[in-house]
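Enquirer: Okay, predicted coordinates and the sequence, questions at the end:
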Amino acid sequence: MDFELMANSLPKLLGATVITLKLLSVSLIIGLFIGLVFAILRLNKNIFLNKFAYGYSYVFRGTPLLVQIFIIYFGLGQIEYFRSTFLWVIFKEPYWCAIIAFALNTGAYTSEILRSAFQTINPGFIEAGKSLGISNKIIFYKIQIPIAIRQSLPAYGNEIILMMKGTSLASTVTLMDLTGVAKYIISTTFKPIEIFVVAGSIYLFMTFIIHNFIKFLEKKYSVS
Amino acid sequence: MELLAFGDTGWGDELFYATLMTIAVSITAMLIGFSFAAIFTPLKLSKYKFLNLTANIYTTVIRGVPELLVIYLFFFGGSGAIMFVASMFGYNEYIEINAFVTGSFAIGIISGAYSTEVFRGAIQSIDKGQFEAAKVLGFSKFKQFYKIILPQMLRLAIPNLSNVWQITLKDTSLISVTGLVEIMRQSYIAAGSTRDPLFFYSFAAVLYLLLTFLSMKLINRLETKYSKGY
């Protein structure tokens, strides 16, 4: 074990962790919004919207994240027309391409988590709301959404951890995130084990924090 | 469409073989994962704290660290580790391991961590009475496991194992970074030489979708077969 190398690489890896955290937080926020919209579409009675939302989550959950990033980063730039639109400002940056791919991916998983949470709400709660004369809109915002969020916390916590691991794929589109920097140091020093231990510990530490934060939220919002 | 032609003019046959490679790596990795699970599941359920801890470290580390990082560890560290072991036996030549072996092993270890959790959950959710009944009827330990616990465990584990299979199948796309020519790598090569990444990556996505769709159909059939008695 080369402890000196481990100590020397720590600041570089910690610097790269900032990028990993940025990628993670931005894509989670966008993904949560996408997930909520598609979960609501899934519960819609309109067959077309319903099928559309199902197709979206099926495609994004059935293909590897790597393919999704490559299509967005390498693929979209190929369309001439696309390059002339204002969207090109966003899509030429690997950073935004990665975020868009992550957000669409986590959005698909989140929509499934939220959908099942909405579907498992005890119908008694909604009936109770109705019999109290509360409007459907308020039932949705004040009863269904809070219960669904509480129900989906454990599964969403897993999704956050999966997404954190997913951000490592940003290194395949030239971004120097934690995995990207780790790979760079490994390929220049040929000391894979040392770097794996340091970078792996940083990832595990983040997993630990996320896990406990979700546990804390679960406890805070538990019904009993 | 002519890009997908078989033979020298198109990429059809290359992509077809790449798909077979993806399937081969996934199945090998899944089997390696099962053998890891066969070792670590008993450790997880063991009453000895130390054994528990070993198994917990394995599943926690592997499930908390990105797959890509594990693959890099094996890709850069794999031949070094083997050469180190070989040097202890007096063999000092350079050893290069094949990308298929490194890749399946890396994905197998990851898949094994998930399988371990699935099997642990399945065994724990078997009714306690089943264990007691097997003991009371005087089955040997070996028979208790093979005739009573294993069949029930498999039935409970199949739905979750199908998730592990999906994860494993999708994770194999990451081995493309080591140069093994599976769907992703082949699409990368084809996209580079035809300058048509959009088409080839979209086609790769279709291939993966097809694989997940077909394997789900197959697993569903298994599931109904094994839950006949219920």
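Expert: Arrived safely. Numbering: from 1, shown residues only, chains lettered A, B, ... in the order given.

Enquirer: Does stretch A:200-220 reach chain B?
Expert: Yes. With Cβ under 8 Å from any Cβ of the partner chain as the criterion, chain B is reached by stretch A:200-220 at A:Gly200, A:Tyr203, A:Leu204, A:Thr207, A:Phe208. Using the backbone N, CA and C atoms, a C-beta is placed for each residue, glycine as well.

Enquirer: go on, stretch A:48-60?
Expert: Yes. Stretch A:48-60 comes into contact with chain B (Cβ under 8 Å from any Cβ), by way of A:Tyr58, A:Val59.

Enquirer: need the helices for chain A, in chain order.
Expert: In chain A, the helices defined using DSSP state H lie at A:3-43, A:47-62, A:65-70, A:80-84, A:88-91, A:94-119, A:123-131, A:136-138, A:145-166, A:178-189, A:192-220.

Enquirer: Pull the contacting residues for the residue nearest to A:Ile30 when sequence neighbours are not counted.
Expert: Leaving aside its sequence neighbours, A:Ile30 sits nearest to A:Ala103 (Cβ to Cβ, 6 or more residues apart in numbering or on different chains; 3.8 Å). Applying Cβ atoms under 8 Å, 6 or more residues apart in numbering or on different chains to A:Ala103 gives the contacts A:Val26, A:Ser27, A:Leu28, A:Ile30, A:Gly31, A:Ile34.

Enquirer: deepest of the helices of chain A, which one?
Expert: helix A:65-70 (a mean of 26; mean count of other Cβ atoms under 10 Å in any protein chain shown).

Enquirer: Next one: it, is it in contact with chain B?
Expert: Yes. Counting by Cβ under 8 Å from any Cβ, chain B is contacted by helix A:65-70 at A:Leu65, A:Leu66, A:Val67, A:Gln68, A:Phe70.

Enquirer: Using JSON lines, lay out those together with distance to B:Lys47 and pLDDT.
Expert: Conversion of these to JSON lines gives the following (distance: Cβ to Cβ, whole Å; pLDDT from 0 to 100):
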{"residue": "A:Leu65", "distance to B:Lys47": "40", "pLDDT": "95"}
{"residue": "A:Leu66", "distance to B:Lys47": "42", "pLDDT": "95"}
{"residue": "A:Val67", "distance to B:Lys47": "45", "pLDDT": "95"}
{"residue": "A:Gln68", "distance to B:Lys47": "45", "pLDDT": "95"}
{"residue": "A:Phe70", "distance to B:Lys47": "48", "pLDDT": "94"}
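
Enquirer: what does the lowest-mean-pLDDT helix or strand in chain A contact?
Expert: In chain A, no helix or strand scores lower on mean pLDDT, DSSP states H and E than helix A:80-84, which sits at a mean of 79. By Cβ under 8 Å, 6+ apart, the residues outside helix A:80-84 that reach it are A:Leu76, A:Gly77, A:Trp88, A:Phe91.

Enquirer: Quick check: residues of chain B near chain A?
Expert: B:60-61, B:63-70, B:72-73, B:76-77, B:80, B:166, B:170-171, B:173-174, B:176-177, B:184, B:187-188, B:191, B:195-198, B:201-202, B:204-205, B:208-209, B:212-213.

Enquirer: Buried subset of those, written for ChimeraX?
Expert: Selection of buried members from the residues of chain B next to chain A for ChimeraX, criterion 16 or more other Cβ atoms under 10 Å in any protein chain shown:
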select /B:61,63,64,65,66,67,68,69,70,72,73,76,77,166,170,171,173,174,176,177,184,187,188,191,196,197,198,201,202,204,205,208,209,212
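
Enquirer: element containing the residue nearest the centre of chain B?
Expert: Residue closest to the average C-alpha location in chain B (Cα atoms, centre = their mean): B:Met30, at 3.0 Å. Assigned by DSSP states H and E, B:Met30 belongs to helix B:12-45.

Enquirer: Around chain B, pick out the residues from chain A.
Expert: So chain A meets chain B at A:58-59, A:62-68, A:70-71, A:74-76, A:78-79, A:161, A:164-169, A:171-172, A:179, A:182-183, A:186-187, A:190, A:192-193, A:196, A:199-200, A:203-204, A:207-208 (Cβ under 8 Å from any Cβ).

Enquirer: Please render the residues of helix A:65-70 next to chain B as CSV that adds distance to B:Ile97 to the earlier fields.
Expert: Shown next, in CSV, are the residues of helix A:65-70 next to chain B (distance: Cβ to Cβ, whole Å):
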residue, distance to B:Ile97
A:Leu65, 27
A:Leu66, 23
A:Val67, 26
A:Gln68, 30
A:Phe70, 27
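
Enquirer: tell me the two of these that are most distant?
Expert: In terms of Cβ to Cβ, these reach their longest pairwise distance at A:Leu65 and A:Phe70, which sit 9.7 Å apart.

Enquirer: Could you list the low-confidence segments of chain A?
Expert: Counting by pLDDT under 70, the ranges of chain A that qualify are A:223-224.

Enquirer: Likewise for chain B?
Expert: B:1-2, B:229-230.

Enquirer: Kindly recompute the last result at 90.
Expert: Applying pLDDT under 90 to chain B flags the ranges B:1-14, B:46-47, B:74-99, B:102, B:125-156, B:158-159, B:177-179, B:192-196, B:220-230.

Enquirer: any idea how far A:Thr63 is from the nearest residue to B:Ser202 once chain neighbours are set aside?
Expert: Among residues not flanking B:Ser202 along the chain, A:Ile71 sits closest, at 6.0 Å (Cβ to Cβ, 6+ apart). Noted for A:Ile71: a distance of 9 Å to A:Thr63, by Cβ to Cβ, to the nearest Å.

Enquirer: now do B:Ala134
Expert: Counting by Cβ to Cβ, the gap from B:Ala134 to A:Thr63 is 44 Å.

Enquirer: ok so, going back, what is the most widely separated pair among the contacts of helix A:80-84?
Expert: So, those by Cβ to Cβ: farthest apart are A:Leu76 and A:Trp88, at 8.9 Å.

Enquirer: Leaving out the residues flanking it, which one is nearest to residue 179?
Expert: All of this refers to chain A. A:Ser168 (3.7 Å).

Enquirer: You answered for a different chain; I wanted chain B.
Expert: In space, B:Gly179 is closest to B:Ala99, 5.5 Å off (Cβ to Cβ, 6+ apart).

Enquirer: Quick check: the one you found touching B:Glu182?
Expert: No. In this structure, B:Ala99 is not within contact of B:Glu182 by Cβ atoms under 8 Å, at 9.6 Å.

Enquirer: Mutual contacts of those two, please.
Expert: Contacts common to B:Ala99 and B:Glu182, judged by Cβ under 8 Å, 6+ apart, are B:Ile175.

Enquirer: Nice, that's everything, thank you.
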